[in-house]
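*Asks:* here's my sequence, what's the structure:
(2 chains)
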Amino acid sequence: MNDVVTFYSLQPLWPELFMALLVMGLLILGAFKGDQSTRLLTLLSIGGLLLVLLFLLVTPTGKSTILNGFFILDTYAVNIKIILVFALTASYMLSVKYLYDTGFVKFEYPLLILLAGMGMFLMVSAHHLLSLYMALELQSLSLYILAAFHRNSIKSTEAGVKYFILGAISSGFILFGISLLYGFTGELEYTRLANAISGLEGIERTAIVFGMIFIIAGIAFKISAVPFHMWTPDVYEGAPLPVTAFFAIAPKLAALAMLIRLLVGPFETLVIDWQIIIGFLSVMSMIWAAFAGLVQKDLKRLMAYSSIGNIGYALLGVVMVTTEGVSASIFYLMLYMVMTAGVFSIILCLQRDGMSFKRIENLAGLSKNHPVLAYSMAILMLSMSGLPPLSGFFGKMIIFKEVIAQGMYALAVIGVLTSVVAAFYYLRIIKVMFFDKPEMPYSQDVGGMRRIVMTVSVLFALCYILRPDTLLPFAQNTASDLMGKGIYIEHSLEQPLIVPNVIKLGY
Amino acid sequence: MDFPILSLLLFSPLVGVLFLYLIKGDAETINRNARHTALFTSVFVLAVSLLLLMGFDSNEAGFQFVENRTWMPSLGLAYHLGVDGISLFFVVLSAFLTPVCILASWSSIKTRVREYMIAFLVLETFMMGTFLALDSFLFYVFFEGVLIPMFLIIGIWGGPRRVYSAFKFILYTLLGSVLMFLALLTLYFQVGTSSIPELIANPVARNIQMWLWIACFASFAIKMPMWPFHTWLPDAHVEAPTAGSMILAGVLLKMGGYGFLRFSIPMFPEATEYFVPFIYTLSVIAIIYASLVALVQEDMKKLIAYSSVAHMGFVTLGIFSMTMEGLQGGMFQMISHGLISAALFLCVGVLYDRLHTRDMGRYGGIVQNMPRYATVFMILMLGAVGLPGTSGFIGEFLALLGVFQANILVAILATTGIVLGAAYMLRLYRVVVFGRVTNKDAGEMSDMNQRESAILISIVLMVLALGIAPNLILDRTSASLQALQTHYESHIQSAHQHGVLIKEKISTDIGTDYHE
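*Replies:* A predicted model of the protein is given here:
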């Protein structure tokens, strides 16, 4: 492991290195060319991401750990990164036109997204608690700046500061958890940590569980699972609209992927303890988001609660601790990302004279003035509420299929009932658009890139039923790479697990 | 039969939707072309469904015209379609009522005509799919998909309280559906397949059946609707546009009955036997309570809505009597009610188009100026009452005959519903059609135009034809229903024998213990 570091030995790290170099190069370019080069920088960033995608696609399957276990590149990481490339590209495509329209062009914008993207890449590949922390901070700091990007707006600044303070606390949680783990095992690298933890008993094990809980709480903050969700609605509301779109689309997948790697890796032997914690987070997220979403008046806040609820469903798959469950989670998040990108592409279009509108009532009568936007939104909202035959249904179906397969009927019932409650607020948007009196028309200019995102998203929601197996093998492949091999400890997770009686309700 | 006629039925409306989407021109042209395209499409579907009816082999109890292709191979879900005696007439009914609804809204829908027609054609596809699907998840996709176009139809083209009604409709129904979804998932893991014929052939253990039966009951009872889950129905009916009420009463309510026949009874026979008294109780309450409520309604649509609840009570009674007469009666009553109630809603719509009120008191004496309307309305009203010679009689009579064999008390109580039914329907007719002209504008309404006459007379003819020659339907449904009943009986019997054996074993065990 302690080989000389050469350029070729760093091959798994090439995408991240390339992104870092790209950010620096573009920074220099932007500094010379000024703010009006934002579009150019965005296009170059997208181009860079496509190169990264190409690299990821040709990466040979298999597992390679480099830098003394700091960094791992396995199929799991590669696949998650492929999804992230699409998420980042969609975020870029959504934002450019908005920045120009609202007269708020800053060339740092695409660079910060790229930097955050690099942080996400590193998070997914983190195989060491320190690299996990550094990657998380790289991503988070970029996100804090992005949230406060609208410097002249009080709301945006407030969102940035709030996000930063709460984010710093959660980082503190994670660090404290890491220190506990290190104190009791003396290890930070996942494989060695897993072995160290598996041998512990009694009070030492309890201490490790405490450390784990702190780490989970910190990451729960990043994925905004209830009760660590408080920042989400405020930050979503305050941040500039394209930034909110980016928040909704990309970071959660990275954080969840990181969490899953941690849970089934070093904490594999603590499954009894973390399963109930994740189950609690999941149930609380579903319930809280469903009911809190009912009273929202702001579209961005609504999308915030929607994202909280959806992370609840995604976590439900993780609670199952099976390959199928994790693949269901990844699959669910993929479908969710496609829908969210589409929804934000529509919200971003609600502009008039350089002003953008984001209250739900601003959608009133959209179907009269902008039928295309209204119908797209309606389809996406129906899909989000999980009604067949749209794509959102299949996400929920795969999740609940696994919950039922594991015999956790109580969880399944809670899940479907909250989905009915949540359906109300998605349907309310349709009600406002179709049943209410029209407002003033908005600017007709959708914009090329936004239109692409919108069209892809809507067609995906509509046509997914024709080939419902499309993304599932990809998700299964991803999950089985992580779960199936009995990676760390000798025994395999494919064996039936001991499920706490609290969650399980048999016949 | 190699030609995929069921897929043709399923997808033709969507092709129509595509054409509707492509229509270009000014508003007037779009509206006119949209109406014609939708009508043409739905008539084409009707023609195909008649071909299906002609090709149907009434001696065959199993599924016919089966199509089976992989759909979601990773889970083993299939695009599996087929039709048997139970689903055949629901398919034909859907195919018949869709063009009728499109004609009924020909001039009453003036805004967003294209969207309206798209909603109706999409609805037709979903209705067809619900009745044709032989894969439980495919069934669920269509069953719940129906909610989307219906939600929009009520919400966009409905009356003043349409938003409340649309939400009540969709959330109420969704609540039941998601529980059924969990039941289907559980079945999928218990039996290891999602194919409906295989699920029927391999019922699960009794204790599991109980839970699954309740979950499915939640969905079908709300859809049907059975008392006390009916409260969404009057609201939805009152606020929906005329054609929306027609399709709701005509087809959507029948999905509940179809669900009982396709899922609850054959898949959970032992649970069904256990819950029969429960169903009897709810049905009898529904019949008497809904009839009493209908008796005091002033809103014509609400009155017919409550009469639907009562009539559906006869359907559940008939079906769950599990006698051949009862099953046939329930089945027949569903088809008959689909025709009659749709036509009655159209009758209300005809008046509403002229005076824009559904208040019975605003009318009166219209027999003077609308003689043709009065005649048609009378026949339909008598059909709803169950007068011999109309299809309504056959359904109610057979259903009661079936219940009578199973439980005399229930049959007696249910029969009072017929008397009450006559009371409220005759009251409706007397107040609206006879009497003196109290409101001048009501006395000046024009009689039905040709379009309205054509629709209503065609339905009246069918109601009379089925009343005189019920075997048109009964012959074709009997084989499948007979198979259903035999399946049910055999499972109940083997379960009882099993129970007896266990009892004997226990007693012998105890006995040996005792002797030792």
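*Asks:* C-alpha from now on. contacts and neighbour counts both.
*Replies:* OK.
*Asks:* which strands or helices does the one helix or strand residue B:410 maps to pack on?
*Replies:* Here residue B:410, judged by DSSP states H and E, is contained in helix B:408-433. Using 3 or more C-alpha pairs under 8 Å, 6 or more residues apart in numbering or on different chains; DSSP states H and E as the contact test, the elements touching helix B:408-433 are helix B:269-295, helix B:300-321, helix B:371-385, helix B:391-406.
*Asks:* try it again at 6 Å.
*Replies:* helix B:269-295, helix B:391-406 (3 or more C-alpha pairs under 6 Å, 6 or more residues apart in numbering or on different chains; DSSP states H and E).
*Asks:* can you give me the buried ones in that helix?
*Replies:* The neighbour-count check on helix B:408-433 (16 or more other C-alpha atoms under 10 Å in any protein chain shown) flags B:410-411, B:414-415, B:417-418, B:420-429, B:431-433 as buried.
*Asks:* now the next helix or strand after that helix: how far from the chain's centre is it?
*Replies:* Following helix B:408-433 in sequence order, the next helix or strand is helix B:440-443 (DSSP H and E). In terms of C-alpha atoms, centre = their mean, to the nearest Å, the centre of helix B:440-443 is set 36 Å apart from its chain centre.
*Asks:* send me helix B:440-443 as CSV with only the CA atoms.
*Replies:* Extracted in CSV, the C-alpha atoms of helix B:440-443 (Å, rounded to 0.1, in the frame of the first residue of the first chain):
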residue,chain,number,x,y,z
LYS,B,440,-92.6,29.9,-16.4
ASP,B,441,-89.2,29.1,-17.7
ALA,B,442,-89.6,25.5,-16.9
GLY,B,443,-92.7,25.4,-18.9
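*Asks:* for the following helix or strand past that helix, buried residues please.
*Replies:* Per DSSP H and E, the first helix or strand lying C-terminal to helix B:440-443 is helix B:450-468. Neighbour counts over helix B:450-468 (16+ other C-alpha under 10 Å) mark B:452, B:455, B:456, B:457, B:459, B:460, B:462, B:463, B:464, B:466, B:467 as buried.
*Asks:* circling back: show the average pLDDT along the helix holding residue B:410.
*Replies:* On average, the pLDDT along helix B:408-433 is 92.
*Asks:* repeat that for stretch A:464-478.
*Replies:* Across stretch A:464-478, the average pLDDT comes to 90.
*Asks:* quick check, central residue of chain A?
*Replies:* residue A:252 (2.0 Å; C-alpha atoms, centre = their mean).
*Asks:* spatially nearest residue to that residue, not counting backbone neighbours?
*Replies:* residue A:223 (5.1 Å; C-alpha to C-alpha, 6 or more residues apart in numbering or on different chains).
*Asks:* with residue A:214 instead?
*Replies:* In space, and not counting its chain neighbours, residue A:214 is closest to residue A:177: 4.9 Å by C-alpha to C-alpha, 6+ apart.
*Asks:* and that neighbour, what element?
*Replies:* Using DSSP H and E, residue A:177 sits in helix A:154-185.
*Asks:* assign a three-state SS to residue B:229, would you?
*Replies:* What DSSP: H, G, I helix; E, B strand; the rest coil gives for residue B:229 is coil.
*Asks:* residue A:468 falls within a strand, correct?
*Replies:* No. Under three-state DSSP, residue A:468 sits outside any strand and is assigned coil.
*Asks:* could I get the full set of helices for the stretch 251-400 of chain A?
*Replies:* With helices called from DSSP state H, counting those that start in this stretch, the stretch 251-400 of chain A shows them at A:251-264, A:271-292, A:299-319, A:323-347, A:366-369, A:371-384, A:391-405.
*Asks:* rank those by pLDDT, which is bottom?
*Replies:* Minimum mean pLDDT among the helices of the stretch 251-400 of chain A: helix A:366-369, a mean of 86.
*Asks:* what are the contacting residues of it?
*Replies:* Helix A:366-369 has contacts (C-alpha atoms under 6 Å, 6 or more residues apart in numbering or on different chains) with A:374, A:433, A:434, A:441.
*Asks:* please flag which of those sit within helices.
*Replies:* Among those, the members falling in helices (DSSP state H) are A:374, A:433, A:434.
*Asks:* could you export the residues you listed as TSV, including neighbour count and distance to residue B:371?
*Replies:* Formatted as TSV, the ones in helices among the contacts of helix A:366-369 follow (neighbours: other C-alpha atoms under 10 Å in any protein chain shown; distance: C-alpha to C-alpha, whole Å):
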residue	neighbour count	distance to residue B:371
A:374	22	46
A:433	29	44
A:434	23	40
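*Asks:* and which of these is nearest chain B?
*Replies:* residue A:434 (6.5 Å; C-alpha to the nearest C-alpha).
*Asks:* burial count for residue 215?
*Replies:* All of this is about chain A. Residue A:215 is flanked by 24 other residues according to other C-alpha atoms under 10 Å in any protein chain shown.
*Asks:* oops, I was thinking of chain B
*Replies:* When neighbours are counted by other C-alpha under 10 Å, residue B:215 registers 21.
*Asks:* in the helix or strand harbouring it, which residues are buried?
*Replies:* Per DSSP H and E, residue B:215 falls inside helix B:206-223. Buried residues in helix B:206-223, counted by 16+ other C-alpha under 10 Å: B:208-210, B:212-223.
*Asks:* where's residue B:232 relative to chain A, distance?
*Replies:* Going from residue B:232 to chain A by C-alpha to the nearest C-alpha, to the nearest Å gives 16 Å.
*Asks:* now do the contacts for that residue.
*Replies:* Counted by C-alpha under 6 Å, 6+ apart, residue B:232 has contacts B:168, B:169.
*Asks:* local confidence estimate at it?
*Replies:* On pLDDT, residue B:232 comes in at 93.
*Asks:* swap in residue A:106?
*Replies:* In this model, residue A:106 is scored at 87, pLDDT.
*Asks:* what's the burial count for it?
*Replies:* Other residues lying near residue A:106 total 19 when counted by other C-alpha under 10 Å.
*Asks:* quick one: secondary structure of it?
*Replies:* Following three-state DSSP, the label given to residue A:106 is coil.
*Asks:* could you find the closest non-adjacent residue to it?
*Replies:* Distances taken as C-alpha to C-alpha, 6+ apart put residue A:35 closest to residue A:106, at 4.9 Å, once the chain neighbours are dropped.
*Asks:* now swap in residue B:300 and tell me
*Replies:* Residue B:300's closest residue in space is residue B:358 (C-alpha to C-alpha, 6+ apart), at 5.5 Å.
*Asks:* that neighbour and chain A: what is the separation?
*Replies:* Per C-alpha to the nearest C-alpha, residue B:358 is found 22 Å from chain A.
*Asks:* kindly report the same for residue B:363.
*Replies:* Counting by C-alpha to the nearest C-alpha, the gap from residue B:363 to chain A is 30 Å.
*Asks:* quick one: pLDDT of that residue?
*Replies:* So, for residue B:363, pLDDT stands at 87.
*Asks:* same check on residue B:270?
*Replies:* Looking at residue B:270, the pLDDT reads 93.
*Asks:* which residues in the stretch 1-150 of chain A form strands?
*Replies:* In the stretch 1-150 of chain A, the strands defined using DSSP state E, counting those that start in this stretch lie at A:64-66, A:71-73.
*Asks:* quick check: mean pLDDT across the helix holding residue A:177?
*Replies:* pLDDT averaged over helix A:154-185 gives 94.
*Asks:* name the residues of that helix that are buried.
*Replies:* Within helix A:154-185, the residues that count as buried by 16+ other C-alpha under 10 Å are A:155-164, A:167-168, A:170-171, A:173-182, A:184-185.
*Asks:* list of residues touching stretch A:13-33?
*Replies:* Counting by C-alpha under 6 Å, 6+ apart, A:52, A:107, A:111, A:118 sit against stretch A:13-33.
*Asks:* chain B: which of those is nearest?
*Replies:* residue A:52 (30.2 Å).
*Asks:* check what pLDDT the closest one gets.
*Replies:* 95.
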